[in-house]
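J.: Structural data only, the sequence is not supplied:
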């Protein structure tokens with residue numbers, strides 16, 4: 001979210017709105033899984049889900065310039081473009097982990113891991129790979145432990161964006 005909103009004082013509001021849109025995408029065209037108290041949530045797009053601009057606009061992405069301004073919108077679109085070559089490396093049907101998050105006071109309890117496992121199990125049953133992007137070294141370590149491999153990295157806006165693929169099993 002630092003790419004979307006570098007100003008920490010404004011980030012919480014933008015993060016809640018932006019992630020709400022991601023969850024809305026999942027509820028409409030993907031899979032959203034969470035634990036009982038919703039302190040951990042994951043949003044996966046299955047292989048038959050196509051996420052185009054028209055769907056993003058339907059969930060409110062058209063408000064992006066109003067929420068983060070023109071510069072923020074350019075940052076979001078630039079980050080999406082920067083990571084697209086890694087996503088294309090999957091080369092066919094796959095499960096796409098759009099986001100997984102755990103409330104800070106519940107982190108380290110295996111909740112996020114369990115939700116990643118739900119999606120990877122679906123992919124394994126269909127013998128399909130999984131894909132995700134991340135922006136932190138700690139996330140790279142987290143996903144590597146779960147079978148993901150770095151497909152590529154790029155610098156954008158002072159941040160490193162990493163595309164990761166978990167091969168089909």
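T.: Happy to help now that I have it. Keep in mind it's a predicted model, so treat the numbers as computed, not measured.
J.: elements contacting the host helix or strand of residue 18?
T.: Here residue 18, judged by DSSP states H and E, is contained in helix 8-29. Other helices and strands packing on helix 8-29, by 3 or more C-beta pairs under 8 Å, 6 or more residues apart in numbering; DSSP states H and E, are strand 40-45, helix 53-58, helix 64-88, strand 95-102. Backbone N, C-alpha and C define where each C-beta goes, glycine included.
J.: wait, which of these is closest to residue 123?
T.: strand 95-102 (4.3 Å; C-beta to C-beta).
J.: strand partners of that closest one, parallel vs antiparallel please.
T.: For strand 95-102, the paired strands and their directions (DSSP bridges) are strand 40-45 (antiparallel), strand 130-134 (parallel).
J.: Compare these and give me the one nearest residue 73.
T.: Short answer: strand 130-134, nearest of the strands paired with strand 95-102 by C-beta to C-beta, at 18.3 Å.
J.: On the C-terminal side of that closest one, identify the next helix or strand.
T.: helix 137-144.
J.: Show me which residues of that following helix are buried.
T.: Buried residues in helix 137-144, defined by neighbour count with 16 or more other C-beta atoms under 10 Å: 139-140, 142-143.
J.: what does that helix rub up against?
T.: 112-113, 116, 132, 134, 150, 162, 164, 166 (C-beta atoms under 8 Å, 6 or more residues apart in numbering).
J.: From the residues you listed, list the buried ones, please.
T.: 112, 116, 132, 134, 162, 164, 166.
J.: Redo those as JSON lines? Include pLDDT and distance to residue 27.
T.: Conversion of the buried ones among the contacts of helix 137-144 to JSON lines gives the following (pLDDT from 0 to 100; distance: C-beta to C-beta, whole Å):
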{"residue": "112", "pLDDT": "94", "distance to residue 27": "19"}
{"residue": "116", "pLDDT": "96", "distance to residue 27": "19"}
{"residue": "132", "pLDDT": "96", "distance to residue 27": "19"}
{"residue": "134", "pLDDT": "93", "distance to residue 27": "23"}
{"residue": "162", "pLDDT": "95", "distance to residue 27": "27"}
{"residue": "164", "pLDDT": "97", "distance to residue 27": "24"}
{"residue": "166", "pLDDT": "98", "distance to residue 27": "24"}
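J.: And the residue most central in space within the chain, what's its pLDDT?
T.: Centroid-nearest residue in the chain: residue 98, 2.7 Å away (criterion: C-alpha atoms, centre = their mean). For residue 98, the model assigns a pLDDT of 91.
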